[in-house]
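1. Below are the sequence and a predicted model; questions follow.
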Amino acid sequence: MARGQVIAALDIGTGSIKILAAQIKKRTQELEILGLVQTPSFGLRRGVVINPEETSKAIESALEEFHNLTGQKIDSVYTNIGGNHIFTTISKGVVAVSRADQKISPEDIDRVLQAAQTFSLPSNKEIIEVVPREFVVDGEKGIKEPLGLQGIRLEAEISALCGFAPYIKNLTNAVLNAGLEIDDLIVSPLASAKSVLKPRQRELGVCLIDIGAGTTGMAIFDEGSLIHTTIFPVGSGHITNDIAIGLKTDIDTAEKIKLDFGSCPVREKRKKGRSSHQKKRERIELIEGEPLTFSQKTLNEIIEARISEIFELVNKELKKVSRQGKLPAGVVLTGGGAKLPKVSDLARRELKLSCQIGYPQGILGLEEDPSLAVVSGLILRSVDSEEKKLHSIGGGIGSRIKRIFRIFIP
């Protein structure tokens, strides 16, 4: 990435839209933010754009606020895609090494990755992103970087992240009709993983869990490679809905109660009598009507039930890939839902793995806020794409992304 070049990221979430712009400082070579805005999101349900026109207006509103804040105009963005329509397919490809000296060239790597993508998909599904798992040279497995190695036969195994084509079209139309070009489209859990996971965690084996408003993204890494990813149609917004129902209050009050009083305590063995915690009651003033009084114990039970449901879904996915309770680097929680007090304690109990909260890294001046994991990961992925366009999978797809997505405009 050239010094002084401005890059921008657009995080389109169920609850909010975030725009982050950054550039490389000329003297220190550090990546610093130019501006960050967060505005309400519209037209989405559980991470999927169902009303492109409403989403486009929300993006335009965020762009206007960003321009008023920074004076910067954004023309193109790296953006994310979520929703539980996204799925992962494992595929393999094989080619003969082309050079006379039998050294593997960048062209050979490109060809084998393209060969690995030649598998059949239903007509309404398409590949969003491709991540290499390993290369095999003349039968030697477990190779991460084959460039320059000598061999006759080159194989590649990839994880192809695919999605429902109409939903992809809705998202891209919403961005393009807001006056933006798309530099690259990145699956949300992979963007989060880029900003919060360390290389050592990926190598040892780790599970990233990104709890957003409408969905929870999950990505499992082992020996440095992505081995599984999925997105559940449940998030922290569902906790707010549960509170509104359980405490018989409106949704805005329920959100305030969640943020001000919510917690995920791990319940210990019950002792005789009632503890002071069980007796504790909270009171919140309402704009209209009588103040609302509620039990802290009742609130915690509502929150714990929904978070436990999310971790139960995570455990099922871990079991599918034989990683349940078997990840040395444990679990990293991020996203807005990771702000709930003691949520990491509950994760340790439910998943039987070590757990920590993941904060964005690598961008100067960005606050420590797990809800910024996706948007900061998009910025970091953009730096990788700019610096490694020739061989980066993200860059390979990104080099064609603008042309492909322009055809979606009606």
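-> Okay, I see it. Just so it is clear, the structure is predicted and the values come from calculations on it, not from any experiment.
2. Need the residues that contact the host helix or strand of residue 302.
-> Assigned by DSSP states H and E, residue 302 falls within helix 296-320. Helix 296-320 has contacts (CB atoms under 8 Å, 6 or more residues apart in numbering) with 207, 209, 211, 216, 218, 220, 228, 230, 232, 234-235, 238-239, 242-243, 246-247, 257-258, 261-265, 267, 277-278, 280-282, 324-325, 327, 337, 340, 343, 346-347, 350-351. For the C-beta atoms, the positions are set from N, CA and C on the backbone; glycine is no exception.
3. Spell out the secondary structure type for the closest residue to residue 177 other than its chain neighbours.
-> Once flanking residues are discounted, residue 177 sits nearest to residue 56: 4.5 Å by CB to CB, 6 or more residues apart in numbering. Following DSSP: H, G, I helix; E, B strand; the rest coil, the label given to residue 56 is helix.
4. Let me know the next secondary structure element after the strand or helix carrying residue 91.
-> Per DSSP H and E, residue 91 falls inside strand 87-96. Following strand 87-96 in sequence order, the next helix or strand is helix 106-116 (DSSP H and E).
5. For the very next helix or strand once past that following helix, list every residue counted as buried.
-> On the C-terminal side of helix 106-116, the closest following helix or strand by DSSP H and E is strand 125-137. By neighbour count on 16 or more other CB atoms under 10 Å, the buried set for strand 125-137 is 125, 127, 128, 129, 130, 131, 132, 133, 134, 135, 136, 137.
6. For residue 15, state which of those is nearest.
-> Nearest to residue 15 among the buried residues of strand 125-137 is residue 128, at 22.0 Å by CB to CB.
7. and that closest one, what does it touch?
-> 81, 86, 161, 162, 163, 168, 185, 187.
8. And it, how close does it get to residue 219?
-> Distance of residue 128 to residue 219, computed by CB to CB, to the nearest Å: 14 Å.
9. mind listing what the residue nearest to residue 177 touches?
-> By CB under 8 Å, 6+ apart, the contact set of residue 56 is 43, 173, 174, 175, 177, 178.
10. correct me, but the last one touches residue 63?
-> Yes: contact between residue 178 and residue 63 holds when scored by CB atoms under 8 Å: they sit 6.7 Å apart.
11. which of these two has more neighbours?
-> In this view residue 178 and residue 63 are compared by other CB atoms under 10 Å, and residue 63 has more residues nearby, 22 against 19.
12. Need phi/psi at the more buried one.
-> Backbone geometry at residue 63, expressed as degrees, to the nearest 10, gives phi -60, psi -40.
13. isn't it right up against residue 179?
-> Yes: using CB under 8 Å, residue 63 is in contact with residue 179, at 7.5 Å.
14. Please pick the buried ones from the contacts of residue 128.
-> Buried among the contacts of residue 128 by 16+ other CB under 10 Å: 81, 86, 161, 162, 163, 168, 185, 187.
15. and which of these is nearest residue 142?
-> residue 161 (22.0 Å).
16. Just confirm the closest one is within a strand.
-> Yes: membership of residue 161 in a strand is supported by three-state DSSP.
17. Distance-wise, check it relative to residue 121.
-> Taking CB to CB, one finds residue 161 at 12 Å from residue 121.
18. between these two, what contacts are shared?
-> Both residue 161 and residue 121 are in contact with residue 127, where contact means CB under 8 Å, 6+ apart.
19. Setting aside sequence neighbours, what's the nearest residue to residue 191?
-> residue 377 (3.5 Å).
20. what helix or strand is the one you found on?
-> Secondary structure (DSSP H and E) places residue 377 in helix 373-387.
21. so how far is that helix from its chain's centroid?
-> In this view, helix 373-387 has its centroid 12 Å away from the chain centroid, taken as CA atoms, centre = their mean, to the nearest Å.
22. ditto for stretch 47-55
-> Per CA atoms, centre = their mean, the centroid offset for stretch 47-55 relative to its chain is 18 Å.
23. swap in stretch 376-388?
-> 14 Å.
24. so where's the stretch 301-410 of the chain uncertain?
-> Counting by pLDDT under 70, the stretch 301-410 of the chain shows low-confidence ranges at 386-410.
25. can you count the residues close to residue 96?
-> That count, for residue 96 with other CB under 10 Å as the rule, works out to 12.
26. That one and residue 144, how far apart?
-> In terms of CB to CB, residue 96 sits 21 Å off from residue 144.
27. cool, residue 325 as well?
-> From residue 325 to residue 144 the distance is 26 Å (CB to CB).
28. Could you find the closest non-adjacent residue to residue 132?
-> residue 158 (5.3 Å).
29. wait, I meant residue 321
-> residue 228 (4.7 Å).
30. Now do the same contact list for the one you found.
-> 88, 159, 218, 219, 220, 317, 320, 321, 323.
31. could you redo the last one with a cut-off of 7 Å?
-> 88, 220, 317, 321 (CB atoms under 7 Å, 6 or more residues apart in numbering).
32. which secondary structure element contains it?
-> Per DSSP H and E: strand 225-232 holds residue 228.
33. Please enumerate the helices of the stretch 151-300 of the chain.
-> 165-176, 188-196, 199-204, 236-246, 251-261, 276-279, 296-320 (DSSP state H, counting those that start in this stretch).
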